[in-house]
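Asker: turn this into a structure:
(one chain, ligands or ions: 1)
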Amino acid sequence: MKLVFLGPPGAGKGTIAVRITGILNAPHVSTGNIFREAIAAASPLGLKVKAVIDEGRLVDDGATIELVRKRLAQDDVKDSYILDGFPRTIAQAEALAGFSVVDRVINFDAPDSVVIERLSGRLVCRKCGFNWHKTFNPPEKDGVCGKCGGEIYTREDDRAEAVKKRLDVYREQTATLIEYYRKQGLLADIDASPDAGIVVENLRKLLQP
Ligand code: AMP
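Answerer: I've put the predicted structure just below:
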């Protein structure tokens, strides 16, 4: 199944994708992760997008679309994928329709209070990308990932200023995709406020044939 995960930053799209990718046998494709890997590797793409991402703005449509077009041309995502964080603009959604047929779009619905609380305490493993949280899911050992032993850090764009910008960008450019996909009959809403385990279970039920 080819899925798009839509929703504001902090709604849990990445967290749920990591937990459900194996269950659905659908590779997790996260544009945010691809950009962060490029930044960590100091590749030309990484150097180009670092400042934009750190400030909470969107990378330009042309570069982002090209990146996803190439990724979705690979063999492992021929029959199924979870697209997390793409599309984020109408132009990206229109481009996606030109190179892939999406089966369902899941709208992760969560109020600002929930997403701000999640983002302001989020900790990410540099090595495996697992999301921890200072209050809700703290690692046993400070600064060390309990999954892989990697180093845990706070994303630059999870700082208060960038979070505000990302929420503004979501409202101005991305939220319009909810109606875009609803009109096409592809959208399913899911309450993203509960614990990840509950959201995974609800999503699994929702996707059952
Ligand atoms: P995420 O991990 O999905 O929150 O993405 C982190 C950041 O990467 C975003 O705030 C954007 O700066 C950039 N980014 C990720 N996906 C896209 C996209 N589809 N279009 C433009 N920028 C993106």
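
Asker: show me what contacts L72?
Answerer: Applying C-beta atoms under 8 Å, 6 or more residues apart in numbering, one finds that L72 lies in contact with V29, Y81, F99, S100. For every residue, glycine as well, the C-beta is placed using N, CA and C.

Asker: pull up the pairing partners for the helix or strand L123 falls within, direction included.
Answerer: L123 belongs to strand 122-125 when assigned by DSSP states H and E. The strands beside strand 122-125 in its sheet (DSSP bridges) come out as strand 131-133 (antiparallel), strand 152-153 (antiparallel).

Asker: and P194, which of those is closest to it?
Answerer: strand 131-133 (14.3 Å; C-beta to C-beta).

Asker: ok, and what's touching the closest one?
Answerer: Residues from elsewhere that reach strand 131-133 (C-beta under 8 Å, 6+ apart): 14-15, 18, 118, 121-125, 137-139, 145-146, 152.

Asker: run the last query once more with 7 Å
Answerer: Residues outside strand 131-133 that contact it (C-beta atoms under 7 Å, 6 or more residues apart in numbering) are G14, T15, R118, G121, R122, L123, V124, P138, P139, I152.

Asker: and these, which two are furthest apart?
Answerer: G14 and P138 (18.1 Å).

Asker: for those two, indicate the residue with more neighbours.
Answerer: G14 (23 against 14; other C-beta atoms under 10 Å).

Asker: what's the closest non-adjacent residue to T21?
Answerer: H28 (4.4 Å; C-beta to C-beta, 6 or more residues apart in numbering).

Asker: pretty sure that neighbour sits against S80.
Answerer: No: contact between H28 and S80 fails when scored by C-beta atoms under 7 Å: they sit 10.7 Å apart.

Asker: mind listing the strands for this protein?
Answerer: Using DSSP state E, the strands of the chain run over residues 2-6, 28-30, 81-84, 104-109, 122-125, 131-133, 152-153, 187-191.

Asker: before we move on, the earlier item: report the buried members of the contacts of L72.
Answerer: V29, Y81, S100 (16 or more other C-beta atoms under 10 Å).

Asker: what is the nearest of those residues to L167?
Answerer: Nearest to L167 among the buried ones among the contacts of L72: V29, at 23.3 Å, using C-beta to C-beta.

Asker: show me what the closest one is bridged to.
Answerer: L83.

Asker: list buried residues within the contacts of strand 131-133.
Answerer: G14, T15, R118, G121, R122, L123, V124, P139, I152.

Asker: can I get those residues in CSV with pLDDT?
Answerer: Formatted as CSV, the buried ones among the contacts of strand 131-133 follow (pLDDT from 0 to 100):
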residue, pLDDT
G14, 93
T15, 92
R118, 92
G121, 92
R122, 93
L123, 94
V124, 91
P139, 95
I152, 96
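
Asker: about what we covered before: now the strands of the chain in a markdown table, with distance to P44?
Answerer: A markdown table is the format used below for those (distance: least, C-beta to C-beta, whole Å):
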| stretch | distance to P44 |
| --- | --- |
| strand 2-6 | 28 |
| strand 28-30 | 20 |
| strand 81-84 | 24 |
| strand 104-109 | 32 |
| strand 122-125 | 23 |
| strand 131-133 | 28 |
| strand 152-153 | 23 |
| strand 187-191 | 36 |
